[in-house]
Structure formats: structure tokens, C-alpha cells
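In: predicted model follows, preceded by the sequence.
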Protein chains: 2
Amino acid sequence: MIEKKSPYCGCLLYSANALSRVITKMAEEEFASIGVAPSHCFLLMTVHNQPGIQPTEIAEKMMLTPSTVTRLMAKMEAQRYLQRISDGKFTLVYPTKKTNEVYPVILESWRNLYRRYTAVLGEEVARQLTDGIYSAAIKLEAR
Amino acid sequence: MIEKKSPYCGCLLYSANALSRVITKMAEEEFASIGVAPSHCFLLMTVHNQPGIQPTEIAEKMMLTPSTVTRLMAKMEAQRYLQRISDGKFTLVYPTKKTNEVYPVILESWRNLYRRYTAVLGEEVARQLTDGIYSAAIKLEAR
DNA sequence: ACTTTTCAATTGTATGTACAAATTAAATAA
DNA sequence: TTATTTAATTTGTACATACAATTGAAAAGT
């Protein structure tokens, strides 16, 4: 049986984008029950684990730009999932009761996602792949 | 020296998205001189290599949805980079003179991109990583 | 003390992508 | 042959993300 590969599968851009879309879709399915998108959940986790964190640091941790973080926060704040407090030129971000309530559910969904893709890829393969991807991202970002 | 990792680096979703953003940015820089975004270049390559190809097949090759392909095509057609011809319920997509002119430049940029990331990651590592990413994407899509 | 520079955060705008619905045409069933 | 179903494509809409420009405040230089 002939395995039909994409003509672009040797390209990191192509493959990385493809994987990103696929795993994002799986995550959206998993997080759908919460009613909060995966990126927003990362934000909530970050704020939950470090109340009073500032947008810039959130952006670093999430590997996103500050402007994106502002948008994500605005949405979550509108849903009372977090609170921003201005402090001079800084902004301090805090979780709310709602955040704390949903936090365990987020963790659970996150674990389910992990289980789902490791079931397909194998745990060790998934680990190594994730590690390779992460370190490549770091190296290329520092380029 | 302590290496500071992201708290989410063990998550495939997080890492894959991060890599996707970083490599996309590099690609955008590389393709900027052409004035055509990376995804549009993939489209042009696909059509160049298979004149008369249909949107559905393009979508499969590019691992995108048909609706996304429609948007990409609309943009490129507006810039006279390709031509759509209706044939019953099908649409046949053809390259134009402009496509053929720019094609070698696209290939060159693509090679440059490859050189850039392999310079950072090492050729063998990059190859294996790309391969692992691609096969994970395929497996997870078939989930 | 005042000016200039730097820096954090936000806003305007644009892009790539997807889903769901609509359209249109072909294929199949009656 | 006509009616129904299926399939290809496009459109309406929405979302995550980024860049460039703006705002507002702190820091540094004079």
C-alpha cells in the first residue's frame, strides 16, 4: 500500500502549521464543555497560579504578544473570569471566584487532552515530540 | 545557569502553537520580498504544479478546509496570480503568467527559509522534527 | 525642575483560518 | 422523467493572533 504524503511534508512551516491546527481543534472540542477556548484557559491558569501577574509577563509565559494578551484578558474580564487593576503604568491581573471554580475543570480538560493525543501517538513519542517542538520554538525565537 | 522553561512546555498544544507562530513569522519575513504571504505561496505552488486542480484537492494537499482555500484563491485571483474556471459544479484553477514568473522566486524563498531554520536547529534535527510533526498531524487528524 | 527617553498597556486595523449555512450542480432513486 | 440525495464550492460570520500607532506613566538626562 502506497502511503501518500503531502508534497510539502518536508517543510517545517507546513508541518508545524498543520499540527497546530489539528491539536487546536482537538483542544477546542475538549474545552468546549467549559465554554472557554483553550487560549483563554491558558490565560486563566497563568493568572490563577500567579495572582497579580502583569500582562507583559503573561505574554512571555504564553509566548504571545502583549496586544494579544490584552484581547484575551478583555474577553475573560467581560465574562467575570478575571479582574484587571491599574497601578500606574502597570496592570495587575487577578483571578475571580469564577476562575477558582472553573480551575479544576480546566485542569481536568487539559489532562483529557493529554490522554487523547498520547493514546494516538504513544506517551513516549508524544513527550519527545513535544519536547523537540518546544526547544525548536525557543531556539528559533531567539534566532 | 538556570534554564527557565514555560510551565506549559510539556503540553503539545502549547508547544505546537508556539512553534507554528515562530516559524510563520520567519516565513513571513522571508516571503515579504515577494509580497505574497506564505500560505498564498503554497497555494501558488500547488496550482503551478498541477494546473486545473480543484479546490477540494488543494484543500487536501494543503491540509486546510475548502472555505479557507476559497479565500486564499479569491485573494490571489484578484491579484491576477491565478484564474478560476467554472465547470459545472467544479472549479478548475489555473496559474497565470504572473504565477509562472514568480514561481522561481517562491522556490528560492522557500529554500532560504529551510536554510535559516536548519542553520539554527541543525539539518538532521530539523528533518527528524519535521517528520515527527508531520506524522503526528496525520495520525491526529485521522483520530 | 523640566525635558526627553523608555516602557507598559491598549486600540485600530488586518490576516489566516474555520464552522455553519447557502448555493449550485451532479448522481441516484422513484 | 421527476424528485431526492449527495457533493463541490462559496458566503456570512466569528475568532485568535499580530503589527503599528497611541496613550499614559515612570525613569533618566540635563
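Out: Perfect, thanks for sending it.
In: tell me which element the residue of chain A found nearest chain B is part of?
Out: Chain B sits closest to A:Ser20 of chain A, with a gap of 3.7 Å, by C-beta to the nearest C-beta. C-beta: built from backbone N, CA, C; applies to glycine. Using DSSP states H and E, A:Ser20 falls within helix A:12-31.
In: does DNA strand C sit close to that helix?
Out: Yes. Contact of helix A:12-31 with DNA strand C (C-beta under 7 Å from any atom of the strand) involves A:17, A:21, A:25.
In: and the helices in chain A?
Out: Under the criterion DSSP state H, helices of chain A are mapped to A:12-31, A:38-49, A:55-62, A:66-78, A:97-121, A:123-141.
In: any idea of the mean pLDDT for the third one?
Out: Per-residue pLDDT values over helix A:55-62 give a mean of 96.
In: residues of chain A that sit close to DNA strand D?
Out: Checking chain A against DNA strand D by C-beta under 7 Å from any atom of the strand, the hits are A:37, A:39-40, A:64-65, A:67-68, A:71-72, A:75, A:88-89.
In: number of nearby residues for the closest residue to A:Gln128 other than its chain neighbours?
Out: Excluding its sequence neighbours, the residue lying closest to A:Gln128 (C-beta to C-beta, 6 or more residues apart in numbering or on different chains) is B:Gly132, at 7.8 Å. The number of residues packed near B:Gly132 is 18, by other C-beta atoms under 10 Å in any protein chain shown.
In: residues touching B:Gly132, list them.
Out: Going by C-beta atoms under 8 Å, 6 or more residues apart in numbering or on different chains, B:Gly132 touches A:125, A:128-129, A:132.
In: most neighbours of all those, which one?
Out: Counting neighbours by other C-beta under 10 Å, A:Leu129 leads the contacts of B:Gly132 with 22 neighbours.
In: my guess is A:Ser33 meets A:Asn112, correct?
Out: No. Applying C-beta atoms under 8 Å as the test, A:Ser33 and A:Asn112 come out as separate, 9.7 Å apart.
In: the more surrounded of the two?
Out: More neighbours surround A:Asn112 than the other of A:Ser33 and A:Asn112, with 15 against 11 (other C-beta under 10 Å).
In: can I assume the more buried one is in contact with A:Glu30?
Out: Yes. If you go by C-beta under 8 Å, A:Asn112 and A:Glu30 touch, sitting 5.4 Å apart.
In: rewinding a little: now the residue nearest to A:Gln128: how far from DNA strand C?
Out: Using C-beta to the nearest atom of the strand, to the nearest Å, B:Gly132 is found at 20 Å from DNA strand C.
In: cool, A:Gln83 as well?
Out: 11 Å.
In: ok, now which ones touch that residue?
Out: Applying C-beta under 8 Å, 6+ apart, the residues near A:Gln83 are A:77, A:93-96.
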